[in-house]
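> quick one, what's the 3D model for this:
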Amino acid sequence: MLNFTDSNALLTESVDSGLYQNLVAQLVKDFGLANVDIDLPFQVNPKNLKTILHQKIYRLMMERFADYLNLLYIIDVPEKKVKEIKASDVVDISNHVAFLVLQREYQKVWFRQKYA
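Numbering: from 1, shown residues only. Next up is the predicted model:
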């Protein structure tokens, strides 16, 4: 139910379950709490969301590493999962981190909807 192998499966499930807009709202909220600007239109489609998130995380890793770490802390991405990433290229690492961010944010909205 909350175990996804990639971002596409996660985003498809969020659309199918009706939680996609909540996922986008949660991303905007947590990025705001971390003082990181992310320009997500309310009606952003899943493919563009994945691309925007990946690019933002890549830029944070390359240019503002302290903000990147703060964002992961605010979102509550497990440090253990970040350390388990087996990529050596920053582009691949940022793609995996983007998936972890989406996974954690979806988990938040899913639990909120299920136990509200």
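> what about A87, which SS state?
coil (DSSP: H, G, I helix; E, B strand; the rest coil).
> roughly how far apart are it and V97?
Distance from A87 to V97, counting by Cβ to Cβ, to the nearest Å: 10 Å. Where you see a C-beta, it was placed from the backbone N, CA and C, and this is true even at glycine.
> got the phi and psi for D67?
Note on D67: backbone dihedrals following degrees, to the nearest 10 are phi -70, psi -40.
> need the pLDDT of it.
At D67, the model reports a pLDDT of 97.
> low-confidence ranges in this structure?
1 (pLDDT under 70).
> just to revisit the earlier point, which one's more surrounded, A87 and V97?
A side-by-side neighbour count of A87 and V97, using other Cβ atoms under 10 Å, places V97 first with 24 against 12.
> hang on, that one packs against V82?
Yes. Assessed by Cβ atoms under 8 Å, V97 is found in contact with V82 at 6.5 Å.
> joint contacts of these two?
L72 (Cβ atoms under 8 Å, 6 or more residues apart in numbering).
> what's D67 in contact with, if anything?
A34, N35, V36, L60.
> how near is it to I93?
For D67, the distance to I93 - Cβ to Cβ - is 16 Å.
> identify each buried residue in the stretch of helix or strand L60 belongs to, please.
Under the criterion of DSSP states H and E, L60 resides in helix 46-63. Using 16 or more other Cβ atoms under 10 Å as the test for burial, helix 46-63 gives P46, L49, K50, I52, L53, H54, K56, I57, Y58, L60, M61.
> how far off centre is that helix?
Taking Cα atoms, centre = their mean, to the nearest Å, one finds the center of helix 46-63 at 9 Å from the center of the full chain.
> helices or strands next to it in the packing?
With contacts defined as 3 or more Cβ pairs under 8 Å, 6 or more residues apart in numbering; DSSP states H and E, the packing partners of helix 46-63 are helix 7-16, helix 20-33, helix 65-75, helix 90-114.
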